[in-house]
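[1] task: produce atomic coordinates for the following.
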Amino acid sequence: RPSRKRLSRSTCFFLLGVLNHTQYFIVAASAHSIISGGVGLVYILNIAPGLLLKLSSPLWFHRVSYNTRIIAAACLMSASLLVLGCAEEIVCFFVDCGDEYDQQQLQREEEGRLTGLMVVQLIGVALGSCQLALGESSFLALASCYTDGGPGK
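    As a prediction, the model looks like this:
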């Protein structure tokens, strides 16, 4: 019969895993609305930065504590969701977003070129990819510190 502590720990790891992957699924579901003609680019940026982070992790993970990595993952997720949600406001902060600007952006979009809004949204996607990789590898490594098995053991 599993103890309360073991069950609680397993529940926490499950919930952290679900929360860690939330941003990935939000971006995957909304890829068409980020760039209607470049869904593949959204998927590449949703995977590639995280893959590079995971490939480099053996070189630096031992130098950064679990607390620091998890706090960094939380900050990356927050930044990613803020950038994705406020992309238009971020662009308009740096550029005068009048009617002329809107026409230029529509023309660029019709030509298949990236607009400032798309670039900002893609940066948000890349931040989320880094968050997913950092959180996933940190939680997986942290789970090895608990040798008592799961709730069924």
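
[2] quick one, longest helix in the chain?
    helix 116-143 (DSSP state H).

[3] what average pLDDT does it get?
    Per-residue pLDDT values across helix 116-143 average out to 91.

[4] which other helices and strands does that helix contact?
    helix 4-20, helix 22-29, helix 31-34, helix 39-60, helix 66-85, helix 87-94, helix 99-110 (3 or more C-beta pairs under 8 Å, 6 or more residues apart in numbering; DSSP states H and E). The way it works is simple: take the backbone N, C-alpha and C, and place the C-beta from them, glycine included.

[5] of the ones you listed, which approaches residue 129 most closely?
    Among the helices and strands packed on helix 116-143, the nearest to residue 129 by C-beta to C-beta is helix 39-60 (4.0 Å).

[6] the closest one: which residues count as buried?
    Using 16 or more other C-beta atoms under 10 Å as the burial criterion, the residues of helix 39-60 that qualify are 41-42, 45-47, 49-50, 53-54, 57.

[7] same thing with stretch 14-26?
    Buried-residue list, stretch 14-26, by 16+ other C-beta under 10 Å: 16, 20, 23-24.

[8] any chance you could list what contacts that stretch?
    Contacts to stretch 14-26, defined as C-beta atoms under 8 Å, 6 or more residues apart in numbering, come from residues 46, 73, 77, 80-81, 128-129, 131-132, 135-136, 139.

[9] could the residues you listed be laid out in CSV, adding distance to residue 97?
    CSV is the format used below for the contacts of stretch 14-26 (distance: C-beta to C-beta, whole Å):
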residue, distance to residue 97
46, 27
73, 32
77, 27
80, 22
81, 22
128, 25
129, 27
131, 28
132, 31
135, 34
136, 37
139, 40
